[in-house]
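Novice: Quick one, structure for this:
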Amino acid sequence: MERTERFHKIENLLANGRPATLADLVAQLEVSRATVKRDVAYMRERHKMPIVWDRDNGTYKFEKTPGNSGERVSLTGLWFSATEAHALLTMHQLLVGLDGGGLISDHVRPLIDRLEQMLGPSRAQADQVRRRVKVLSMAARKKSPEQFTVVAHALVNRKRIRIQHYSRQSRTTTEREVSPQRLVHYRDNWYLDAWCHMRRAVRSFALDAIHAAIGLDAPAKEVASRTLDQVLGAGYGIFAGRNIRWAKLRFKSEGCEIGRGLRKMGKRARGRQTANHVKV
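Specialist: Next comes the predicted model:
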């Protein structure tokens with residue numbers, strides 16, 4: 001039995017809080033006592049699996065901690081080659097750039113630390129990934145990791161949340177109960193598409209404008225993705241609603257920034273008029 005297969009076997013034997021004696025592991029793995037001890041030590045030190053030795057009962061088990069109930073603590077089969085680990089590290093670096101380094105990237109940081117430990121001698125290449133891969137953000141606003149966590153948890157578990165939302169237009173804060181539908185990353189900022197139970201309609205909320213969020217036990221109302229796209233998708237972050245109106249704007253070259261810009265470029269725009277159509 002290869003070492004990776006033994007790791008899977010040990011994990012399965014200790015899953016769901018079941019203890020196992022050293023003799024049990026030796027019999028199941030068909031290896032020596034010394035090999036079992038080395039395997040357990042490697043899993044504990046390199047993969048951060050909380051395997052402890054219970055002296056009173058003479059068994060190995062998963063340690064129960066505030067963040068771990070003693071049940072399965074890893075995904076069976078989640079073992080990476082050096083190439084795969086480097087690819088994940090590159091993806092993480094891209095995520096840091098897109099996310100501004102403050103929301104999702106913070107939650108996956110423990111996983112990245114483990115990946116770097118798994119790389120061993122190749123760990124120096126992880127530093128090269130951070131140095132050589134960079135994503136520049138343009139209009140990212142300040143975000144709240146606390147609100148993001150509450151919103152993401154409710155979104156995945158299909159529960160409603162109560163939020164305090166600040167409107168930049170009216171400069172007022174309202175308390176609303178909403179059913180999260182999806183999180184959208186648009187132009188370096190995060191938005192929550194949700195069904196607003198106060199307005200009884202689909203609304204999009206900038207995450208940085210949500211000053212407080214509390215999870216509720218009530219199940220979320222489901223809205224079809226097609227409906228969300230019809231209401232929000234056409235002009236995301238700028239326009240909303242199914243009703244479209246068209247306006248014609250007429251710009252004169254005299255006395256406007258467009259005209260001055262054209263003159264600076266050496267174009268004879270004096271006296272001309274240009275018309276543009278914009279969606280409102």
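
Novice: from what I can see residue 60 touches residue 39, true?
Specialist: No: between residue 60 and residue 39 there is no contact, the gap being 10.6 Å when judged by Cβ atoms under 8 Å. Where you see a C-beta, it was placed from the backbone N, CA and C, and this is true even at glycine.

Novice: What is the neighbour count of residue 46?
Specialist: 12 (other Cβ atoms under 10 Å).

Novice: What pLDDT is listed against it?
Specialist: For residue 46, the model assigns a pLDDT of 78.

Novice: May I have the phi/psi pair for it?
Specialist: Residue 46 adopts backbone torsions of phi -90, psi -30, taken as degrees, to the nearest 10.

Novice: So, low pLDDT: which residues of the stretch 51-200 of the chain?
Specialist: The stretch 51-200 of the chain contains residues with pLDDT under 70 at 65-86, 88-89, 91-140, 142-145.

Novice: coming back round to it: neighbour count winner among residue 60 and residue 39?
Specialist: For residue 60 versus residue 39, neighbours defined as other Cβ under 10 Å are more numerous around residue 60 (23 against 19).

Novice: Give the other helices and strands that the strand or helix carrying that one contacts.
Specialist: Assignment of secondary structure by DSSP states H and E places residue 60 within strand 59-62. Under the contact definition 3 or more Cβ pairs under 8 Å, 6 or more residues apart in numbering; DSSP states H and E, strand 59-62 sits against helix 3-14, strand 20-21, strand 51-54.

Novice: buried set for whichever strand or helix holds residue 175?
Specialist: Element membership of residue 175 [criterion: DSSP H and E] is strand 172-186. Using 16 or more other Cβ atoms under 10 Å as the test for burial, strand 172-186 gives 176-181, 183-184.

Novice: Toward the C-terminus from it, list the very next helix or strand.
Specialist: Reading on from strand 172-186 to the C-terminus, the next helix or strand found by DSSP H and E is strand 189-196.

Novice: List the buried residues in the helix or strand following that following strand.
Specialist: On the C-terminal side of strand 189-196, the closest following helix or strand by DSSP H and E is strand 201-206. Along strand 201-206, these residues count as buried under the neighbour rule (16+ other Cβ under 10 Å): 202-206.

Novice: and the angle for strand 201-206 with strand 189-196?
Specialist: Between strand 201-206 and strand 189-196, the angle comes out at 160 degrees (axes from the mean of the first three to the mean of the last three Cα atoms, to 10 degrees).

Novice: which secondary structure elements does strand 201-206 contact?
Specialist: For strand 201-206, the contact count by 3+ Cβ pairs under 8 Å, 6+ apart identifies strand 172-186, strand 189-196 as packing neighbours.

Novice: So for residue 219, which of those sits nearest?
Specialist: strand 172-186 (8.3 Å; Cβ to Cβ).

Novice: in a strand, that's where residue 217 is, yeah?
Specialist: Yes: checked against DSSP: H, G, I helix; E, B strand; the rest coil, residue 217 lies within a strand.
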